[in-house]
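> Turn this into a model:
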Amino acid sequence: MGLVVTSLAITNLFGGLSFLGGGCTGGGCPADGHTRFNWASIGNLDSGWGWSPSILEGSYGMPDLILIGIGLALLGVYFIKK
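Numbers count the residues shown, from 1 in each chain. As a prediction, the model looks like this:
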């Protein structure tokens, strides 16, 4: 589970999940270069409010870092118990 969470968060940071914005309308959508979805606005993937530029453009947020931290913590717990 930790590997899935960490992989998902890192893939999103680099814009790898921009295919989820196919139904996005208005400004700030993946078609406009905003390829990273905002974890805090996950319910707004159909509008520009749910999307941000990727880390390649210097953009990241606290929810991204927190999710990566949670994934790494889950990996740590898994390896400690094993």
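
> Could you find the residue nearest the spatial middle of this protein?
Centroid-nearest residue in the chain, with Cα atoms, centre = their mean: residue 12, separated by 3.5 Å.

> And for residue 29, the neighbour number?
For residue 29, the tally of surrounding residues (other Cβ atoms under 10 Å) stands at 21. (Each C-beta comes from the backbone N, C-alpha and C, glycine too.)

> need the contact list for the residue nearest to the centre of the chain.
Contacts for residue 12 (Cβ atoms under 8 Å, 6 or more residues apart in numbering) come out as 36, 37, 39, 64.

> From residue 22, how far off is it?
Distance of residue 12 to residue 22, computed by Cβ to Cβ, to the nearest Å: 16 Å.

> can you give me the strands in the protein?
36-37, 51-52 (DSSP state E).

> Select, out of these, the one closest to residue 75.
Closest approach to residue 75 among the strands of the chain (Cβ to Cβ): strand 36-37, 22.2 Å.

> Please name the strands paired to that closest one in the sheet, noting orientation.
Strand 36-37 has these partner strands in its sheet, going by DSSP bridges: strand 51-52 (antiparallel).

> Check the offset of the partner strand from the chain's centre.
With Cα atoms, centre = their mean, to the nearest Å as the basis, strand 51-52 stands 9 Å off its chain's centre.

> just stretch 26-41 next, same as before
Distance, stretch centre to chain centre, for stretch 26-41: 10 Å (Cα atoms, centre = their mean).

> can you check stretch 49-60 too?
9 Å.

> cool, and stretch 16-26?
From the chain centre to the centre of stretch 16-26 is a distance of 12 Å (Cα atoms, centre = their mean).

> Need the distance between the two termini of it.
From its first residue to its last, stretch 16-26 covers 21 Å (Cα to Cα, to the nearest Å).

> and what of stretch 23-35?
13 Å.

> cool, stretch 44-54 as well?
17 Å.

> which one is residue 48 nearest to, not counting chain neighbours?
residue 28 (2.6 Å; Cβ to Cβ, 6 or more residues apart in numbering).
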